[in-house]
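*Asks:* model the structure of this input:
(one chain, ligands or ions: 1)
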Amino acid sequence: MPRPRVTVIGAGNVGATAAQRIAEAGLADVVLVDIVEGLPQGKALDLAEAAPVVGHDIRITGTNDYAETAGSDVIVVTSGLARQPGMTRDDLLAKNAGIVRSVVQQAVAHSPGAIIIVVTNPLDAMCHVALEASGFPPERVIGMAGVLDSARFRTFIAQELGVSVTSTHAFVLGGHGDTMVPLPRYSTAGGVPITELLSPERIDALVDRTRNGGAEVVALLKTGSAFYAPAASVTQMVDSIINDRGMILPCAAYLQGEYATQGLYVGVPVELGRKGIQRIIEIELTNEEQQAFERSAAAVRELVDAMERLGTEAPGSRTPEAAPAGG
Ligand SMILES: NC(=O)c1ccc[n+]([C@@H]2O[C@H](COP(=O)([O-])OP(=O)(O)OC[C@H]3O[C@@H](n4cnc5c(N)ncnc54)[C@H](O)[C@@H]3O)[C@@H](O)[C@H]2O)c1
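*Replies:* Residues are numbered from 1 along each chain as shown. Prediction:
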């Protein structure tokens, strides 16, 4: 049986590190794609030359030609621009929407049965672009954000309690960004909710740090943004899909009535397997949590509306009937 195949679009920090992790975990052959000539080829060659030392037989190739990505099981979209000095948020939104639309159209033409994991920011808005550009059903277009956000929350919980990160579990809902909704009563250490282990003030401090987790790394790095934890998060999603593991992970999913939200990508817990999102898991929220979730969804809606205003043709909503079945 041929090994599964993952295409990673964007051979920058997140893309190349995800390629390395996927290869070293032995999950799938990896095709790295970028618009810059030589970059994906060079990084793929370097990664391939690490294989004898690391001890795996994964094939890693780099290309600027989507024909070489044909038959991929998963397509990871990390291509995009970072905000440059003088660029407005709307400029970045329009530029990255253009990039995501173009790469998704080219990639799905060669891999009509793939599952797409979107990473490019602004995440939830880029998921809408990928959904529309691919023509795939919503369960095959998934955004990576919640795995990263909850990993950050887990890190801070473990550090605060002085326990192993592996004994922690965290629950984060909502859009990716400052409006994300960490849920302390569903976040645990050794199965015990942190609301029973930490004071409300300490929990608030950890929640705040989680919300600003991306900005904290950017402020330290000065140039560029986080990529090790984002790449690890992508790899976990790829693992659950490729190996049909059915992990329940927080991901950006297209809601069609769940959580009282219609036609919008927002972070919620989902079961991830070979078919993509196999189930959206709805949990009871308190009034306060539901309000925070709605505020977060409203922030995503604003971005989607901004894309429409900018003429980037992202769908504000789409009915299930309008969604083509995909290949
Ligand atoms: N969802 C998340 O939680 C999360 C976390 C980290 C980063 N990100 C986002 O992921 C994206 C990538 O981050 P990074 O640090 O790897 O950036 P990076 O600048 O290192 O890499 C981006 C790559 O995309 C390539 N690219 C640009 N236009 C392209 C096109 N049209 N076709 C193919 N490739 C193209 C660039 O050449 C570059 O190599 C950014 O948008 C970033 O904000 C999201």
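*Asks:* and the stretch 51-200 of the chain, which residues reach the ligand?
*Replies:* Neighbours of the ligand within the stretch 51-200 of the chain, by C-beta under 6 Å from any ligand atom: 78-80, 82, 99, 102-103, 119-121, 123, 144-145, 148, 176. Using the backbone N, CA and C atoms, a C-beta is placed for each residue, glycine as well.
*Asks:* show me which pair in the residues you listed is furthest apart.
*Replies:* Pairwise distances among those were taken by C-beta to C-beta; the largest, 24.9 Å, belongs to Ser102 and Leu148.
*Asks:* those two: which is more packed in?
*Replies:* When neighbours are counted by other C-beta atoms under 10 Å, Ser102 and Leu148 differ, and Leu148 comes out ahead with 24 against 14.
*Asks:* ok, that one - contacts?
*Replies:* Taking C-beta atoms under 8 Å, 6 or more residues apart in numbering, we find Leu148 in contact with Gly213, Ala226, Ala229, Pro230, Ser233.
*Asks:* near the ligand, list only the ones from those.
*Replies:* Restricting those to those adjacent to the ligand (criterion: C-beta under 6 Å from any ligand atom) gives Ala226, Pro230.
*Asks:* just put the contacts of Leu148 in JSON lines and tack on secondary structure, neighbour count and pLDDT.
*Replies:* Shown next, in JSON lines, are those (DSSP: H, G, I helix; E, B strand; the rest coil; neighbours: other C-beta atoms under 10 Å; pLDDT from 0 to 100):
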{"residue": "Gly213", "secondary structure": "helix", "neighbour count": "20", "pLDDT": "92"}
{"residue": "Ala226", "secondary structure": "coil", "neighbour count": "19", "pLDDT": "94"}
{"residue": "Ala229", "secondary structure": "helix", "neighbour count": "19", "pLDDT": "98"}
{"residue": "Pro230", "secondary structure": "helix", "neighbour count": "24", "pLDDT": "97"}
{"residue": "Ser233", "secondary structure": "helix", "neighbour count": "27", "pLDDT": "98"}
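*Asks:* can I get the contacts of Leu148 in a markdown table with distance to Ala306?
*Replies:* Listed next are the contacts of Leu148 as a markdown table, based on distance: C-beta to C-beta, whole Å:
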| residue | distance to Ala306 |
| --- | --- |
| Gly213 | 24 |
| Ala226 | 24 |
| Ala229 | 28 |
| Pro230 | 24 |
| Ser233 | 26 |
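*Asks:* can you show me the strands along the stretch 151-300 of the chain?
*Replies:* Taking DSSP state E, counting those that start in this stretch as the criterion, the stretch 151-300 of the chain contains strands spanning 168-169, 172-173, 181-182, 188-189, 192-193, 247-256, 262-273, 276-280.
*Asks:* out of those, flag the one nearest Asp73.
*Replies:* Go through the strands of the stretch 151-300 of the chain one by one with C-beta to C-beta and the one that ends up closest to Asp73 is strand 276-280, at 10.7 Å.
*Asks:* before we move on, the earlier item: what's the most buried one of the strands of the stretch 151-300 of the chain?
*Replies:* For the strands of the stretch 151-300 of the chain, the stretch with the most neighbours on average is strand 172-173, a mean of 27; neighbours defined as mean count of other C-beta atoms under 10 Å.
*Asks:* in this protein, which residue sits closest to the ligand?
*Replies:* Here the residue of the chain nearest the ligand is Gly12; by C-beta to the nearest ligand atom that distance is 1.7 Å.
*Asks:* for that residue, what are its contacts?
*Replies:* For Gly12, the contact set (C-beta under 8 Å, 6+ apart) comprises Asp34, Thr78, Ser79, Phe227.
*Asks:* can you do 7 Å?
*Replies:* With contacts taken as C-beta atoms under 7 Å, 6 or more residues apart in numbering, Gly12 has the following neighbours: Thr78.
*Asks:* could you do Ala109 as well?
*Replies:* Shown here is Ala109, whose contacts under the criterion C-beta under 7 Å, 6+ apart are Tyr66.
*Asks:* so that it lines up with my notes, have the first residue be 29 from now on.
*Replies:* With the count now opening at 29, the last piece we talked about shows up as Ala137.
*Asks:* buried residues in the helix or strand containing it?
*Replies:* Taking DSSP states H and E as the criterion, Ala137 maps to helix 117-138. Buried residues in helix 117-138, counting neighbours by 16 or more other C-beta atoms under 10 Å, are found at 120-125, 127-129, 131-132, 134-136, 138.
*Asks:* go on, stretch 54-67?
*Replies:* Applying 16+ other C-beta under 10 Å to stretch 54-67 flags Leu55, Ala56, Asp57, Val58, Val59, Leu60, Val61, Asp62, Leu67 as buried.
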